[in-house]
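Chemist: just coords:
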């Protein structure tokens, strides 16, 4: 049996070059249980293309904001959906049943992450 270390980012790398772009795990690594690595790599590649095509220099500021938001939501989701106490699970399910029908909550919680 082998065990491999799992690297998780706590900070974003600082890069002062205008013609070098970091993407995927080179930019930020999520824990595998968050299931965000591949989707963020694809979004980052798209944002790199847009930045090169438009000639803007706001790529990292925008990605850092987006990735930070997604990381925080993923941490909350990970905590919420990995509860093991039956009482906590019951309470969580009742709250989620209510929140999943609340349009304002869904727009606020999901709308900040997913682009239209």
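Modeler: Looks like it arrived, so ask away. Note that the coordinates shown come from a computational prediction; the quantities given were computed from them, not determined experimentally.
Chemist: The residue nearest in space to the middle of the chain and residue 63, how far apart?
Modeler: Residue closest to the mean C-alpha point of the chain, counted by CA atoms, centre = their mean, is residue 70 at 2.7 Å. For residue 70, the distance to residue 63 equals 10 Å [CB to CB, to the nearest Å]. Where you see a C-beta, it was placed from the backbone N, CA and C, and this is true even at glycine.
Chemist: Equivalent analysis for residue 80, please.
Modeler: Distance from residue 80 to residue 63, by CB to CB: 25 Å.
Chemist: With neighbour numbers in mind, choose between those two.
Modeler: residue 63 (22 against 13; other CB atoms under 10 Å).
Chemist: how would you label that one: helix, strand or coil?
Modeler: With DSSP: H, G, I helix; E, B strand; the rest coil as the basis, residue 63 sits in helix.
Chemist: Go ahead and confirm it touches residue 26.
Modeler: No. Look at residue 63 against residue 26 with CB atoms under 8 Å: they stay out of range, at 11.9 Å.
Chemist: before we move on, the earlier item: in the one helix or strand the residue nearest to the centre of the chain maps to, what counts as buried?
Modeler: Assessed by DSSP states H and E, residue 70 sits inside helix 59-81. For helix 59-81, the neighbour count (16 or more other CB atoms under 10 Å) marks 59-60, 63, 66-67, 70-71, 73-74 as buried.
Chemist: With distance to residue 93 and pLDDT as extra columns, can I get these in JSON lines?
Modeler: Compiled in JSON lines, these are given as follows (distance: CB to CB, whole Å; pLDDT from 0 to 100):
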{"residue": "59", "distance to residue 93": "40", "pLDDT": "79"}
{"residue": "60", "distance to residue 93": "39", "pLDDT": "80"}
{"residue": "63", "distance to residue 93": "34", "pLDDT": "84"}
{"residue": "66", "distance to residue 93": "30", "pLDDT": "85"}
{"residue": "67", "distance to residue 93": "29", "pLDDT": "84"}
{"residue": "70", "distance to residue 93": "24", "pLDDT": "83"}
{"residue": "71", "distance to residue 93": "25", "pLDDT": "84"}
{"residue": "73", "distance to residue 93": "19", "pLDDT": "83"}
{"residue": "74", "distance to residue 93": "20", "pLDDT": "83"}
